[in-house]
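Chemist: The amino acid sequence is not available; the structure is as follows:
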């Protein structure tokens, strides 16, 4: 049976016939024309024809107060039409269409066949936990504060301060590129030395994600150079290079460390309700399919804010073990009916989720809600994410009144307290570091 | 003297102190913190500090009726902070910042030093004209109608029809990927055969842009395979792969044919006034810097509509010979004043355009306004673009009432008439093909 990938769009128009619009997308982005084809040709072309799966119209104000007239349109695209890579799929479903009025790509589901071309995260959440040997709590990550213009000694000092407070991961600033002061091999060497030194104090392991930058064709070599120098994780600005580049890096057997996806540039794509690509697709599904082991995204708590609902949708996309239900699309019945081009909308029961055993699986990607995080937000983060989360802080560690080491400790104290169902105020009585953090930044609930 | 690249943002906020916001961008995206640094450190870090060049605030309704309160903010970023590639520059100026509220990246200017790392288009407009030997008129391009599901015979027939009508270029559909029916080498061979056959009839040369697709790491090989099979141009979905990939392909000395940039996915980035990247930067400057010899973009005339003003801004970015004025930024005076972190806005005269001889040059990219073009639009296109344009049609050629060959002829007749200052109606009296086109689609003025 033919297999399809399914795209969901939200489309705004004050007066459009959305069924007609859906039909024109399904035809226009696949076989080009349909009704005028001779019958013999139709029989040949049918397997290439896009199908309208559903059209749901919302009148003005129906979705939210003040929302415009819009529709959710779902179109199934035959796998036959594109190669097994994300550029091909994205160009098919949202290449030309992205420029055709107020339309946002809100979701994608993949055929089992398409998804089978992607191994997904090489480590995933479990693999990262295995590397660190930490299973029973959220992880803690620290971000270099400002590393531009720092020399290796500055990096060394900053690294130790972060590591010694008990963080599990340290990441480079995403705007640190190859530079004469701290070239990647030297930087990695220095950081891994400090990591070892901190481990003696904390008894913990640590992953350091060094920033992978430069020309696209040299990224894999650059990664291997970093790994050879001792790097045990990589940071990567995925959207500046495209999902396929992540996909190829992740699939490279010589890249033997987890890849952490940074969302740089994502804000150019997800925030508008009328244009772009939804956050849960961009920073959730696509990152996971392309093989990100960890994914950073703006949290709903801190300084760079994303609505909580959108955040939870990203979380779901990164974590759900239910790949069949959430990632796969397979049309249940013969697509005869939908092929009747005059019938714009076929009922939703033409769609079924593939729940058979043997469906492709994808490791979970570790969610890392970021920006503006301080210890007083830990209870909120854990309420929303449970333990399957990396608490990630920059200023909330470096800016601690008692110093960077105390900054990491305060976070660990906040995490432990929350896991014990203790309030931070209560825990602060026994932990001066947490107490100072709360006095500086407060507790949010 | 320190060199800088300049980013311009439009930023919406009902009550923000835009001067403060600008200052926080300039510091936050470069050295991280400033006011709290000790003086000795400031002296070291000064060369890495971003500078606020200007802040222009617009009150509600000032820009357009109903427009919100906003500001145009210009920040200069030291070249020292990033490597000489577009991902590094874009992540620096709009990585994290893209996620920080309603903000759009509207322009970039480059330092001479940064720009010197880019050769720009290998052929450019003049090179494409040289290949075709056509200098005195706009070129005409035809797009394959629907090629998905077509076999080589179908491609062959369609190609000849397009070529024989007198078009100068034929491009693949951007959604045609590697497939068993028409793999790139066979497709190129067939198309180039038909091109030669059509040339015997028309006496013209022709460029066929075959679609370069697949995994990022294999694109260069794929391009060379196509060139070896006879391809004399390439089509590339730049935004699905990132500007750096275009840049590397364009700089590859073995890729000896022009590269045509398709704007697929661009609509996810440029249309919102509040988010994303402006069309003139995305499809203009960045495409040219990255080396696109020809650039397609939605026209203001046809089915996928872009405002005319935005279109002309793209045209300008692609064509302007005045690289110093339009692409280069260099601060004139010592940046002392701007370094005074409390002084949020430095006067505009701190900026100067580098007009010295010896500045880097970039060949012009051929503008190709596209979508919904029919012969009746030719006078409008030529009014806006003069002869430095490629008239690009799909349905307007294939859908001609007298057939595809007549479709191409009608366009050529429309172009010739317009260049002679003759109305299409007048010209149609002697040209049945143009007459039929006008009857089918009308004339717009």
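Modeler: Alright, I've got the coordinates. Since this is a predicted model, take the numbers as computed values, not measurements. Numbers count the residues shown, from 1 in each chain, chains lettered A, B, ... in the order given.
Chemist: what's the closest non-adjacent residue to the closest residue to chain B within the stretch 51-200 of chain A?
Modeler: Nearest to chain B, among the residues of the stretch 51-200 of chain A, is residue A:146, at 2.4 Å (C-beta to the nearest C-beta). For every residue, glycine as well, the C-beta is placed using N, CA and C. Nearest non-adjacent residue to residue A:146, counting by C-beta to C-beta, 6 or more residues apart in numbering or on different chains: residue B:32, 2.4 Å away.
Chemist: and what of residue A:140?
Modeler: residue A:167 (4.6 Å).
Chemist: so who does the most centrally placed residue in chain A touch?
Modeler: Centroid-nearest residue in chain A: residue A:283, 2.9 Å away (criterion: C-alpha atoms, centre = their mean). Listed by C-beta atoms under 8 Å, 6 or more residues apart in numbering or on different chains, the contact partners of residue A:283 are A:261, A:263, A:266, A:270, A:295, A:297, A:314.
Chemist: ok so the fifth one is a strand residue?
Modeler: This means residue A:295. Yes. Looking at residue A:295 with DSSP: H, G, I helix; E, B strand; the rest coil, it is inside a strand.
Chemist: per-residue pLDDT, the closest residue in space to residue A:228 that isn't next to it in sequence?
Modeler: Once flanking residues are discounted, residue A:228 sits nearest to residue A:185: 7.8 Å by C-beta to C-beta, 6+ apart. You'll see residue A:185 listed with a pLDDT of 95.
Chemist: my guess is residue A:185 is in a helix, correct?
Modeler: Yes. Assignment of residue A:185 by three-state DSSP places it within a helix.
Chemist: What count of nearby residues applies to it?
Modeler: By other C-beta atoms under 10 Å in any protein chain shown, 16 other residues sit near residue A:185.
Chemist: hang on, the earlier thing: keep only the contacts of residue A:283 that also lie close to chain B.
Modeler: Filtering the contacts of residue A:283 for proximity to chain B by C-beta under 8 Å from any C-beta of the partner chain leaves A:263, A:266.
Chemist: want to throw the contacts of residue A:283 into JSON lines with neighbour count?
Modeler: Shown next, in JSON lines, are these (neighbours: other C-beta atoms under 10 Å in any protein chain shown):
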{"residue": "A:261", "neighbour count": "30"}
{"residue": "A:263", "neighbour count": "30"}
{"residue": "A:266", "neighbour count": "27"}
{"residue": "A:270", "neighbour count": "26"}
{"residue": "A:295", "neighbour count": "28"}
{"residue": "A:297", "neighbour count": "29"}
{"residue": "A:314", "neighbour count": "28"}
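Chemist: Return the subset of the contacts of residue A:283 lying in strands.
Modeler: Taking DSSP state E, the ones among the contacts of residue A:283 that sit in strands are A:261, A:295, A:297.
Chemist: which ones are touching residue A:327?
Modeler: Residue A:327 touches A:109, A:110, A:115, A:285, A:289, A:362, counting by C-beta under 8 Å, 6+ apart.
Chemist: among these, who's most crowded?
Modeler: That'd be residue A:289 among the contacts of residue A:327, by other C-beta under 10 Å, with 28 neighbours.
Chemist: show me what contacts the closest residue to that one other than its chain neighbours?
Modeler: Of all residues beyond its chain neighbours, the one nearest residue A:289 is residue A:118 (5.0 Å), with distances taken as C-beta to C-beta, 6+ apart. By C-beta under 8 Å, 6+ apart, the contact list for residue A:118 reads A:247, A:289, A:290, A:291, A:360, A:362.
Chemist: Wait, the residue nearest to residue A:140 touches residue A:411, no?
Modeler: Yes. Residue A:167 is in contact with residue A:411 according to C-beta atoms under 8 Å; the separation is 7.5 Å.
Chemist: who touches both of those two?
Modeler: A:140, A:397.
Chemist: Tell me, how many residues neighbour the residue nearest to residue A:146?
Modeler: By other C-beta under 10 Å, neighbour count at residue B:32 equals 23.
Chemist: re the thing from before, and the contacts of residue A:327 as TSV, adding secondary structure and pLDDT?
Modeler: Output for the contacts of residue A:327, formatted as TSV (DSSP: H, G, I helix; E, B strand; the rest coil; pLDDT from 0 to 100):
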residue	secondary structure	pLDDT
A:109	strand	96
A:110	strand	96
A:115	helix	95
A:285	helix	97
A:289	helix	98
A:362	coil	93
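Chemist: Identify the farthest-apart pair in those residues.
Modeler: Greatest spatial distance among the contacts of residue A:327 (C-beta to C-beta): A:109 and A:362, at 12.9 Å.
Chemist: can you give me the helices in the stretch 51-200 of chain A?
Modeler: Applying DSSP state H, counting those that start in this stretch to the stretch 51-200 of chain A gives helices spanning A:86-94, A:112-115, A:124-132, A:152-164, A:184-202.
Chemist: re the thing from before, is the nearest residue to the residue nearest to the centre of chain A once chain neighbours are set aside bridged to anything, and to what?
Modeler: Distance criterion C-beta to C-beta, 6+ apart; nearest residue to residue A:283, sequence neighbours excluded, is residue A:297 at 4.6 Å. With DSSP bridges as the criterion, residue A:297 is bridged to residue A:369.
Chemist: Return the residues of the stretch 201-350 of chain A in contact with chain B.
Modeler: Neighbours of chain B within the stretch 201-350 of chain A, by C-beta under 8 Å from any C-beta: A:213-217, A:220, A:237, A:240-242, A:244-245, A:248, A:262-269, A:271-272, A:274-277, A:298, A:303-304, A:306.
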